[in-house]
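Trainee: what follows is a predicted structure for the sequence shown.
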Amino acid sequence: MTHFSLIPFPDNRPHPEIEITGQIERLEQQVNITFELIGEIQQVAVTPPDGNPSRRNELWQTTCFEFFLGLKNSPKYWEFNLSPGGHWNIYRFDDYRQGMAEELAFESLPFLVKVKPNSLTLSLSLDLEPIIPSTQSLEVAITTVIERKINNLISKQDAITYWALTHVAKEADFHQRKSFILNL
């Protein structure tokens, strides 16, 4: 099991007083990932649970937990988006931001979300068998988009902050393959 801690993109935007940590592991074809958002979560816009979670686009426009799985020695990768409201999506890419398509090998992506006064935990166990052979080594990026609750001092644009294991570009860009720094 690999533990992680995300850092905000270094810009002038106000960041909420939170920490984002977690763990990820791969057991043959199973990937288990848990995100833990700890701190002043009342500062964070959290989509309430939806009784009918579904595949949705553009989840990254508000608080969204994400991870990227790249094939070692290949430009191909997948982006997983998980909303605290239960909505999700998986995108497949042929190369850096090229050939984006919804990954249709999955019809659902059930994950657990637990919200407490000072924490939010999101956990997913995923069988990769539909998309990745068990012998394939993976390079992983773990990221999160956090939207601060908007008050009269924060614009919608300034309310969005970007968190990752590392930031390798001048702009926040989770697709940079150099940021896929974990190996599974």
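Mentor: Happy to help now that I have it. Numbering: from 1, shown residues only.

Trainee: can you tell me the centre-most residue of this protein?
Mentor: A centroid search over the chain (C-alpha atoms, centre = their mean) returns E66, at 1.0 Å, as the residue closest to the centre.

Trainee: the residue nearest to S125 when sequence neighbours are not counted: which element?
Mentor: Spatial nearest neighbour of S125, chain neighbours left out: N32 (4.9 Å); criterion: C-beta to C-beta, 6 or more residues apart in numbering. C-beta coordinates here come from the backbone N, C-alpha and C atoms, glycine included. Per DSSP states H and E: N32 is located in strand 30-39.

Trainee: residues making contact with the helix or strand just after that strand?
Mentor: For strand 30-39, the following helix or strand on the C-terminal side (DSSP H and E) is strand 64-71. Strand 64-71 is contacted from outside by 24, 31, 33, 35, 60, 76-84, 122, 128, 132, 136-145, 174-175, 177, 180, 184, using C-beta atoms under 8 Å, 6 or more residues apart in numbering.

Trainee: need the per-residue pLDDT for the residue nearest to S125.
Mentor: Note for N32: predicted pLDDT of 98.

Trainee: tell me how far it lies from I24.
Mentor: Taking C-beta to C-beta, to the nearest Å as the measure, N32 falls 7 Å from I24.

Trainee: I figured V168 hits H175, correct?
Mentor: No. Between V168 and H175 there is no contact, the gap being 10.5 Å when judged by C-beta atoms under 8 Å.
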